[in-house]
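K.L.:
3D, please:
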Amino acid sequence: MSDKIHPIPRPLVRTNQWVIFLSVVLALATGQEWILAIPLVAGLSGLLLHFNPVMRLAKLFLKKAPSKYIPEDPAQQQFNQVIAVVCLGFGLLSFLLGFNVIGYVLTVMVGMASFIAILGFCIGCFILYQWKQYTYRRSLH
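P.N.:
Okay, here's the model as predicted:
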C-alpha cells in the first residue's frame, strides 16, 4: 500500500460542502434533525475509515481524470471535516437532548461555514493557518 497522499479534486470537496449545507438547511427548515446524521456519518466515515461515501459517489460523475481538477489538500480537508463532524455531532446530540439553542448555534455555524466555503473562502483553512502562525511565533521564543 502506498503512503503517498493524493490531492482531492475540488468537485468532490464542493459536493461534500453542498451535502453539508443542504442537510443543515433541510434539517432546520423541516424540524427533522435526523437529517444532520447524513453529513455526520459521511464525515465520520471519511475520518475514521478514509471512505467518504458522498465523495465516493460524486467521483463517479467526474468527467475528467481526478488529477485534471484543481487539487485540495487532504490534510486541510481532514482538519475541516473534524470541525464539521464535531459541530454536527454535538448539534445533533443537543437537539436530541432538548438543548435546541445549542443545536441551532452549532448546526447553523457548520451550514454557514460550508456555504462560505462554496463561495470561495474556507474558514477552517483560515483557522488552521492562524494556528500554525501562532505555534510558529511561539517556537521563536
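
K.L.:
tell me which element the residue lying closest to Ala42 once chain neighbours are set aside falls in.
P.N.:
What sits nearest to Ala42 in space, not counting adjacent residues and going by C-beta to C-beta, 6 or more residues apart in numbering, is Val54, at 4.6 Å. C-beta here means a position set from N, CA and C on the backbone, and glycine is covered the same way. Following DSSP states H and E, one finds Val54 within helix 53-59.

K.L.:
Can you check which helix is longest in this structure?
P.N.:
Using DSSP state H to define each element, the chain has its longest helix at helix 74-97.

K.L.:
Alpha carbons of it, as PDB, please.
P.N.:
Output of helix 74-97 as PDB, limited to C-alpha atoms (Å, rounded to 0.1, in the frame of the first residue of the first chain):
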ATOM      1  CA  PRO A  74      -6.200  16.200   2.100                       C
ATOM      2  CA  ALA A  75      -4.700  17.300   5.400                       C
ATOM      3  CA  GLN A  76      -6.600  20.600   5.300                       C
ATOM      4  CA  GLN A  77      -9.800  18.800   4.300                       C
ATOM      5  CA  GLN A  78      -9.300  16.300   7.200                       C
ATOM      6  CA  PHE A  79      -9.000  19.300   9.600                       C
ATOM      7  CA  ASN A  80     -12.100  20.900   8.200                       C
ATOM      8  CA  GLN A  81     -14.000  17.600   8.400                       C
ATOM      9  CA  VAL A  82     -13.100  17.300  12.100                       C
ATOM     10  CA  ILE A  83     -14.600  20.700  12.800                       C
ATOM     11  CA  ALA A  84     -17.700  19.800  10.800                       C
ATOM     12  CA  VAL A  85     -18.100  16.400  12.500                       C
ATOM     13  CA  VAL A  86     -17.700  17.800  16.000                       C
ATOM     14  CA  CYS A  87     -20.100  20.600  15.500                       C
ATOM     15  CA  LEU A  88     -22.700  18.400  13.700                       C
ATOM     16  CA  GLY A  89     -22.300  15.700  16.300                       C
ATOM     17  CA  PHE A  90     -22.800  18.000  19.200                       C
ATOM     18  CA  GLY A  91     -25.500  19.800  17.400                       C
ATOM     19  CA  LEU A  92     -27.500  16.600  16.700                       C
ATOM     20  CA  LEU A  93     -26.900  15.500  20.300                       C
ATOM     21  CA  SER A  94     -28.100  18.800  21.600                       C
ATOM     22  CA  PHE A  95     -31.300  18.600  19.600                       C
ATOM     23  CA  LEU A  96     -31.900  15.000  20.900                       C
ATOM     24  CA  LEU A  97     -31.300  16.100  24.500                       C
END
